[in-house]
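Undergrad: structure for the following, please:
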Amino acid sequence: MSSTLIIIVVLVVVAITVLVIYNSIIGRKNQVEYAFGGIEVMLKKRYDLIPNLVKTVQGYATHERELLEKITTLRTQALKGNLSNDEKVELNNQMSGTLGQIMVAVESYPELKANENFLHLQSSLNEVEEQISASRRAYNAAVNDFNNSIEMFPGSVMAGMMNFKRKKGFEISNTERQNVNVNFE
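TA: Residues are numbered from 1 along each chain as shown. Now for the predicted structure:
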């Protein structure tokens, strides 16, 4: 009778351990999805500012037509929906680089830099970019926790049975890593 009791206790301990590991992994997966949702909210704010920015800059920066068309195309792609999270990450990286190029190009247009609408848009865009940056950090932290939980033993066993794969975090693109060239001539 005591061997039966030991077997029951061991099975209960194993069942509780499996349940705790399972719930931990699911909780971390849900945290990644929640953090990505926060990024999407900030990106939507950015997408809403872009038409106003393009319209304001177009009147002054006629030579920057290619950049303005590129940012408009990226915005259209982003708003289509049905993109995977990895595709959204890549599109967001491209958009960040293009917005940076527009802001550098604006330096050549002193009358635009003094335009009140542009200054307000630039301020709003800077605020949104800071919020996106904070959301990216929260997302990357959640991704790191999730990836650790599915790669470390014993979670790796459970994650393998559940077919969970590593998630990709936001990374800085090569163009964003380079210093901005601003001429003060």
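Undergrad: point me to the helix or strand that includes Arg166.
TA: Using DSSP states H and E, Arg166 falls within no helix or strand.
Undergrad: tally of neighbours for it?
TA: Neighbours of Arg166 under the rule other C-beta atoms under 10 Å: 11. In this view, the C-beta of every residue, glycine as well, is placed from N, C-alpha and C.
Undergrad: again, but for Leu125
TA: The local packing of Leu125 (other C-beta under 10 Å) involves 19 other residues.
Undergrad: what's the distance between stretch 112-127 and the middle of its chain?
TA: Here the centre of stretch 112-127 is set off from its chain's centre by 24 Å, with C-alpha atoms, centre = their mean, to the nearest Å.
Undergrad: how about the nearest residue to Ile71, chain neighbours excluded?
TA: Spatial nearest neighbour of Ile71, excluding adjacent residues (C-beta to C-beta, 6 or more residues apart in numbering): Thr98 at 4.8 Å.
Undergrad: same question for the helix or strand containing Ser149: list its buried residues.
TA: Ser149 is part of helix 116-151 when elements are defined by DSSP H and E. Neighbour-count burial for helix 116-151 flags 118, 121-122, 124-125, 128-129, 131-132, 135-136, 138-140, 142-143, 145-147, 149-150 (criterion: 16 or more other C-beta atoms under 10 Å).
Undergrad: helices and strands around the host helix or strand of the residue nearest to Ile71, which ones?
TA: Taking DSSP H and E as the definition, Thr98 sits inside helix 85-105. When contacts are defined as 3 or more C-beta pairs under 8 Å, 6 or more residues apart in numbering; DSSP states H and E, helix 85-105 sits against helix 2-60, helix 65-80, helix 116-151, helix 174-177.
Undergrad: what is the orientation angle of that helix with helix 116-151?
TA: 150 degrees (axes from the mean of the first three to the mean of the last three C-alpha atoms, to 10 degrees).
Undergrad: could you check the angle helix 2-60 makes with helix 85-105?
TA: 30 degrees.
Undergrad: following element in sequence after helix 85-105, please.
TA: Criterion used, DSSP H and E; the element after helix 85-105 is helix 110-113.
Undergrad: tell me the buried residues in that next one?
TA: For helix 110-113, the neighbour count (16+ other C-beta under 10 Å) marks Leu112 as buried.
Undergrad: show me the shaky parts of the protein.
TA: 1, 61-63, 113-114, 172-185 (pLDDT under 70).
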